[in-house]
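# Got a predicted structure here, sequence first:
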Amino acid sequence: MSRGNIYLSSQDKTPREDEQLIRFDVNLQDDINGVALSSYDFVYGFCNINSLSKNGFIQTATQTYPVTLDVGFYDYAELLTEMLAKLNALGLGVFLMSFTDNIYSLISPVPIEFIENPLPVGRDWVDMANFQKQAGLSTSHIGGTANLAYTDAIYITCDELHRRQNIFDTSSNQNIANVLGVVYVNKDKEMLSDKVIEDVMRPKHITDRLNPLKWISKDNNNNFRVITIRLVDERGFELPKRTDGCGSIKYTLELQTKANDQRF
């Protein structure tokens, strides 16, 4: 039985592309009939408040207001200060906010409602603070348990390799399909521990070897010269771009191949 490996590194692209969508030159020829992602190595360095998560929206009885936070790495106390500063800058009056037992509480000077983000993003800062959206106008808002990670998972997807599949991925989130593997950004972290408070929002190194493998069949008439690796967050949206100044992500992927004489 013959096996082979293909190594794809986001650092090999010159000039560098934004890492959430990269086209790689490959050579998957006739004698290969199966491909699987076998391992990954990620350096995850995105700000938790980034170009996508920085925008939240509230509305009063008469008007909708975008509330835009400054990009950066925030812990719970820093996020409270930043949210309060931007809300108080709206000119609606004085907002009051507290943070106790991992829950943010807000008192607004006029009735407001947090509303769904009209932009194509994953978590925004309202989601991180876990204030309920579309809950009606009120001056009192008590969030759920806060989670300051921009995303808890990164989905590694590739449309080309899945083109001949007979059985397709399904997901409760219709934005996620053609998945090679999943990177759990905060894997094995105990919620609410002191370590999580730091780890969910700081840069980190994530590596894993997958078992079992998800084998993707390839027929002899379907050679590949280029494949596109697309990274999306847990809601199926693309990650922030490196060029937006919100940090970056670097990765190496190991693809395992099988020849025609093997069965799986």
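Happy to help now that I have it.
# for the top helix by length along the chain, packing partners?
Counting by DSSP state H, the longest helix found in the chain is helix 76-88. On a contact count with 3 or more C-beta pairs under 8 Å, 6 or more residues apart in numbering; DSSP states H and E, helix 76-88 meets strand 64-68, strand 96-100, strand 103-114, helix 125-129. For every residue, glycine as well, the C-beta is placed using N, CA and C.
# first to last residue in stretch 128-141, what's the distance?
In stretch 128-141, first residue to last residue: 14 Å (C-alpha to C-alpha, to the nearest Å).
# what's the answer for stretch 37-52, then?
Termini of stretch 37-52 sit 28 Å apart (C-alpha to C-alpha).
# Does Ile58 belong to a helix, a strand or coil?
Secondary structure, DSSP: H, G, I helix; E, B strand; the rest coil: Ile58 is strand.
# try Leu148
Secondary structure for Leu148, judged by three-state DSSP, is coil.
# Correct me if wrong: it contacts Asp75.
Yes: using C-beta atoms under 8 Å, Leu148 is in contact with Asp75, at 7.2 Å.
# So between those two, which is more surrounded?
Neighbour count, other C-beta atoms under 10 Å: between Leu148 and Asp75, Leu148 has more, with 22 against 14.
# From Met83, how far off is that one?
12 Å (C-beta to C-beta, to the nearest Å).
# repeat for Gly247
As defined by C-beta to C-beta, Gly247 lies at a distance of 20 Å from Met83.
# Can you pick out the residue with more neighbours from these two?
Met83 (25 against 19).
# mind listing what the more buried one touches?
Counting by C-beta atoms under 8 Å, 6 or more residues apart in numbering, Met83 makes contact with 67, 69, 97, 104, 125, 129.
# Could you give me the ChimeraX selection string for whichever of those are buried?
Buried residues among the contacts of Met83 (16 or more other C-beta atoms under 10 Å), as a ChimeraX selection:
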select :67,69,97,104,125,129
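# Closest to Val35 out of the contacts of Met83?
Comparing the contacts of Met83 against Val35 with C-beta to C-beta places Trp125 closest, at 38.7 Å.
# Determine the number of other residues adjacent to the residue nearest to the closest one when sequence neighbours are not counted.
Closest residue to Trp125 apart from its sequence neighbours, by C-beta to C-beta, 6 or more residues apart in numbering: Gly56 at 5.0 Å. As a burial measure, Gly56 scores 24 neighbours (other C-beta under 10 Å).
# Ok, Val179 next?
When counting by other C-beta under 10 Å, one arrives at 16 neighbours for Val179.
# can you tell me how far it sits from Val26?
Val179 is 18 Å from Val26, where distance means C-beta to C-beta.
# same thing with Phe99?
49 Å.
# any weak-confidence spans in the stretch 1-150 of the chain?
Along the stretch 1-150 of the chain, the parts satisfying pLDDT under 70 run over 1-2, 13-19, 28-30.
# picking that back up, what separation do you get for the residue nearest to Trp125 and Glu116?
10 Å.
# Ok, Val179 next?
As judged by C-beta to C-beta, Val179 and Glu116 stand 26 Å apart.
# Likewise for Ile154?
Ile154 sits 23 Å away from Glu116, going by C-beta to C-beta.
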